[in-house]
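Asks: model the following, please.
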Amino acid sequence: MPSTSLPVIDENNPLYCPSVPAAAYLSSLRRKALHVPAAAPQNDLPSFARVLVQADNYQPNLRTEDDDESTLVKKTASSSGNANPDAAADPKAKAAKAVPVPVLRPPLKRKRSDSTSLSALRGSPKYARSELSITQSSFEISVKRERIQYFSHKYTYSPFIAQPSKSAKKPASQVVELKARVRALEDEFYGPPIGTESPRGLKPFIARLDAFMPGIRLQERLLRLPDLSHQTIADYLGQQGLLGPQVLAILRTSEIWRLLLTESMNDAQGLNIGGRSILPNFSKPNSFLFLQELSFNGTPVQDIDLVHIHHLPRLVTLLLNGTGIGNEGVFHIVALRRSLLQLSIATNPLIDDDCVPALILLSKLSFMTILDTSIDMPGIRRLAKAVADAQRIIDIEITAPCEVYMSNLAQHYLLTITPPLIDRPSAVPALSAAALKRNLAAHAACNAAIVATGSKPEMAARLRTLLETREMDLLVRGMLVAGNPRPEDV
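Replies: Residues are numbered from 1 along each chain as shown. This next block holds a predicted model:
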């Protein structure tokens, strides 16, 4: 019989062997143990084989499944120690000396229970490998699934949260709180209701304004105004410096078209420190949709504050005189280029020539004043060229030094040029040295600071710069005359 390899060990089922029956495996161990020489160490055998050999030596008449009756008789005779075969043949001797053969019982078998409740506790089949059981019969586990809620029923509505039925009645206090919450949200998005401009609608509106400012008899003063309307009320509050954050929040959904914030935002020697807090009202949704004129004249405004007026869709006139803004503030105004027609940034010395690109983008401007700013002639020349290229007409008030310069153009160069002198910078490279000197001498007669001598390249560069400046100055003059024609220019 071929040698049999060791079976796979199964701790729960020692008889498990996937390819060799248990009887064949035991028989193989016995044969291997019988053929091992006596001098060989017993440690070479498997542990179970050593135990099996010891059991055979202690009980030589142990019957195995492979031994038949004749083999058992031979083993019994050999174990008696009688070496004479004749003695075995004598019946009397045989009866006297024969060792009784022990009666072998069949192995006890485990009784199976008819109950099916312990079926999970039974072991695996005899020659099959056991399986891991995770059955827990001592207790039961039940799973209940619940949806995770990310929103609160109290403050927020969510379509994923089961809403209470309409038939369930809420406490009176909860209903009042819910209504107040809904009204606050509507006021935040759509603005507070202010009613119509009829006498019946103006009285509750005036009463609400009086509730915000008690003790000044505001209701009596407003009722005495002629032509009472939302606009006259806003004008009166603006003149009195009463356009605070709460009042402006009420007016933001009205149809007023003009707001004067000078008195309301003015510092007033430290008494109105919260004037800038009214500006966020302009950036709220659906605010001042009909506003066309807004004045910040004489109030301290920072450049970043102008981002709050980006969403005014109909703003036509913006007055920022003496607000202290700089070039950054002018660039913030570019967001209003679709509707802005009139702009005043006078008396802001921080504004200089660097803001001219932003002014050029305000392509719909028809009036602009830059008085008392730091914008000089280079910036005005650049603006005039953009206006001329776009064929626009704009009325502009320039700074005083620029006004003086434009009034004395004849003192800077030859204003009226006739042939053979040239008036185009592109014709300078074609002139000879004598022609360059002759043109420079004609301009030097008007301005003694012009040098009419030198090398040909020097005279060519000097004449080209002079003619380019003259050309740009004429564009500025044309812009000023077209926007604000004088009687002598017509």
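Asks: any residues touching stretch 222-232, and which ones?
Replies: Outside of stretch 222-232, the residues within contact range by Cβ atoms under 8 Å, 6 or more residues apart in numbering are 194, 197, 199, 202, 205-206, 209-210, 233, 236, 251, 254-258. No exception for glycine: its C-beta is placed from N, CA and C like everyone else's.
Asks: what is the end-to-end distance of that stretch?
Replies: Terminal residues of stretch 222-232 lie 9 Å apart, using Cα to Cα, to the nearest Å.
Asks: then stretch 406-423?
Replies: Here stretch 406-423 reaches across 19 Å from its first residue to its last, counting by Cα to Cα.
Asks: got a list of contacts for that stretch?
Replies: Where contact means Cβ under 8 Å, 6+ apart, the residues beyond stretch 406-423 that reach it are 398, 405, 428, 431, 435, 438-439, 442-443, 445-447, 450, 466-467, 469-470, 473, 476-477, 480.
Asks: among these, name the buried ones.
Replies: 398, 405, 428, 431, 435, 439, 442-443, 450, 466-467, 469-470, 473, 476-477, 480 (16 or more other Cβ atoms under 10 Å).
Asks: among the residues you listed, which lie within helices?
Replies: By the criterion of DSSP state H, membership of the buried ones among the contacts of stretch 406-423 in helices covers 405, 435, 439, 442-443, 466-467, 469-470, 473, 476-477, 480.
Asks: number of residues surrounding Phe296?
Replies: Using other Cβ atoms under 10 Å, the number of residues around Phe296 comes to 24.
Asks: that one contacts Ser264, correct?
Replies: No - contact status for Phe296 versus Ser264: not in contact, 10.2 Å apart, counting by Cβ atoms under 8 Å.
Asks: residues contacting the nearest residue to Ile309 once chain neighbours are set aside?
Replies: Nearest residue to Ile309 in three dimensions, chain neighbours excluded: Phe282, at 5.1 Å (Cβ to Cβ, 6 or more residues apart in numbering). When the contact criterion is Cβ under 8 Å, 6+ apart, the partners of Phe282 are 252, 288, 308-309, 311-312.
Asks: of those - the most surrounded one?
Replies: Looking at the contacts of Phe282 with neighbours defined as other Cβ under 10 Å, the largest count falls to Phe288 at 26 neighbours.
Asks: from Ile250, how far off is that residue?
Replies: Between Phe288 and Ile250 the computed distance is 12 Å (Cβ to Cβ, to the nearest Å).
Asks: any regions of the stretch 201-350 of the chain where pLDDT drops low?
Replies: The stretch 201-350 of the chain contains residues with pLDDT under 70 at 267-275.
Asks: mind doing that once more with 90?
Replies: With pLDDT under 90 as the threshold, the stretch 201-350 of the chain has low-confidence stretches at 201-219, 223-228, 240-255, 262-281, 283-287, 300, 311.
Asks: how about the strands of it, start to end?
Replies: 258-260, 293-295, 317-319, 342-344 (DSSP state E, counting those that start in this stretch).
Asks: need those strands in a markdown table (columns: mean neighbour count and distance to Leu228).
Replies: Shown next, in a markdown table, are the strands of the stretch 201-350 of the chain (neighbours: other Cβ atoms under 10 Å; distance: least, Cβ to Cβ, whole Å):
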| stretch | mean neighbour count | distance to Leu228 |
| --- | --- | --- |
| strand 258-260 | 19 | 16 |
| strand 293-295 | 18 | 20 |
| strand 317-319 | 19 | 24 |
| strand 342-344 | 20 | 28 |
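Asks: any chance of JSON lines for these, columns distance to Ile278?
Replies: Converted to JSON lines, the strands of the stretch 201-350 of the chain look like this (distance: least, Cβ to Cβ, whole Å):
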{"stretch": "strand 258-260", "distance to Ile278": "10"}
{"stretch": "strand 293-295", "distance to Ile278": "12"}
{"stretch": "strand 317-319", "distance to Ile278": "16"}
{"stretch": "strand 342-344", "distance to Ile278": "20"}
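Asks: picking up where we left off before, kindly indicate which of the ones in helices among the buried ones among the contacts of stretch 406-423 lies nearest Leu243.
Replies: Proximity of those to Leu243 (Cβ to Cβ) peaks at Leu480, which lies at 36.8 Å.
Asks: and the closest one, what pLDDT?
Replies: Here, the pLDDT recorded for Leu480 equals 93.
Asks: quick one, what contacts it?
Replies: For Leu480, the residues meeting the contact criterion (Cβ under 8 Å, 6+ apart) are 396, 398, 406.
Asks: and these, which is closest to Leu318?
Replies: Distance to Leu318, by Cβ to Cβ, is smallest for Ile396 among these, at 15.3 Å.
Asks: name the nearest residue to that closest one, ignoring sequence neighbours.
Replies: Using Cβ to Cβ, 6+ apart and skipping residues adjacent in sequence, the residue nearest Ile396 is Met368, 5.0 Å away.
Asks: wait, is that neighbour part of a helix?
Replies: No - secondary structure of Met368 (DSSP: H, G, I helix; E, B strand; the rest coil): strand, not part of a helix.
Asks: beta-bridge partners for it, please?
Replies: Following DSSP bridges, Met368 is listed with bridge partners Leu343, Ile396.
Asks: ok, it - contacts?
Replies: Contacts here follow Cβ under 8 Å, 6+ apart; on that basis Met368 touches 342-345, 359, 362, 394-397.
Asks: how close does it sit to Ile333?
Replies: 11 Å.
Asks: overlap in contacts, the two.
Replies: Once Cβ under 8 Å, 6+ apart is applied, the residues that Met368 and Ile333 both contact turn out to be 343, 362.
Asks: quick check: domain ranges of this structure?
Replies: Described in terms of automatic domain parsing, the domain architecture of the chain consists of the residue ranges 1-78, 197-407, 409-489.
Asks: most packed of these?
Replies: domain 197-407 (a mean of 17; mean count of other Cβ atoms under 10 Å).
Asks: how far does that one stretch from start to finish?
Replies: Distance between the two ends of domain 197-407: 52 Å, counting by Cα to Cα.
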